[in-house]
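S.K.: here is a sequence with its predicted model. Questions after.
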Amino acid sequence: MSSNADIYHEMIVDYSRNPVNYGEIKDHDVTFHDANPLCGDSIDIDMKIDENRVSDIKFHGKGCAICMACSSILTEIAKGKSLDEVRNIGKNDVLSELGLEHLQAVRIKCALLSLKVLKSALYTYLGKHLKDAKDLDKLKDEAANLY
């Protein structure tokens, strides 16, 4: 019988070899890129937004197994969600899906790069569409306190 650690390890390997939502959206509403220069992970996320929902989301880039697996999981979590629901996705939502809640500090940036890119893309989109200066200031504070 496999332990939970073995199951999670298999999931990480599978998602990294067969990523879900991997690719590009040509007519995206927002895209964002970021990289972790210490390990070489580099991720872009494209989103299509319809009626304040993420109707489509894809990522592309390169990264370690943990980075690719977390990017796949994150796109699955975000797809179909409202923008407010996506704003509330946290690191534990991603890490717990793959049993990475106690990940070593040196690997946490690999695991959370896609979340950083997703939130940056979302804040970029919202910043362009907010009309109230107070809401924009709140969004900037939220972004500044992300990590």
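M.R.: Ah, there it is.
S.K.: from here on, contacts and neighbour counts on C-alpha atoms
M.R.: Fine.
S.K.: quick one, strands of the chain?
M.R.: 30-36, 41-50, 53-62 (DSSP state E).
S.K.: can you list the strands that the second one pairs with?
M.R.: Right, the one you point to is strand 41-50. As defined by DSSP bridges, the strand partners of strand 41-50 come to strand 30-36 (antiparallel), strand 53-62 (antiparallel).
S.K.: to residue 11, which of those lies closest?
M.R.: strand 53-62 (17.9 Å; C-alpha to C-alpha).
S.K.: which parts of the closest one are buried?
M.R.: 53, 54, 56, 57, 58, 59, 60, 61 (16 or more other C-alpha atoms under 10 Å).
S.K.: and if you look at stretch 16-26?
M.R.: 16, 19, 20, 21, 22, 24, 25.
S.K.: nearest spatial neighbour of the second one, skipping sequence neighbours?
M.R.: The shortest distance from residue 19 to any residue other than its chain neighbours is 5.5 Å, reached at residue 72 (C-alpha to C-alpha, 6 or more residues apart in numbering).
S.K.: ditto for the fourth one
M.R.: Using C-alpha to C-alpha, 6+ apart and skipping the chain neighbours, the partner closest in space to residue 21 is residue 58 (4.8 Å).
S.K.: mind listing what that neighbour touches?
M.R.: Contact analysis of residue 58 by C-alpha atoms under 8 Å, 6 or more residues apart in numbering lists 21, 22, 23, 24, 25, 45, 46, 47, 75.
S.K.: closest to residue 105 among the residues you listed?
M.R.: residue 75 (23.0 Å).
S.K.: so that closest one makes contact with residue 21?
M.R.: Yes: at 6.6 Å, residue 75 and residue 21 qualify as touching, with contact defined as C-alpha atoms under 8 Å.
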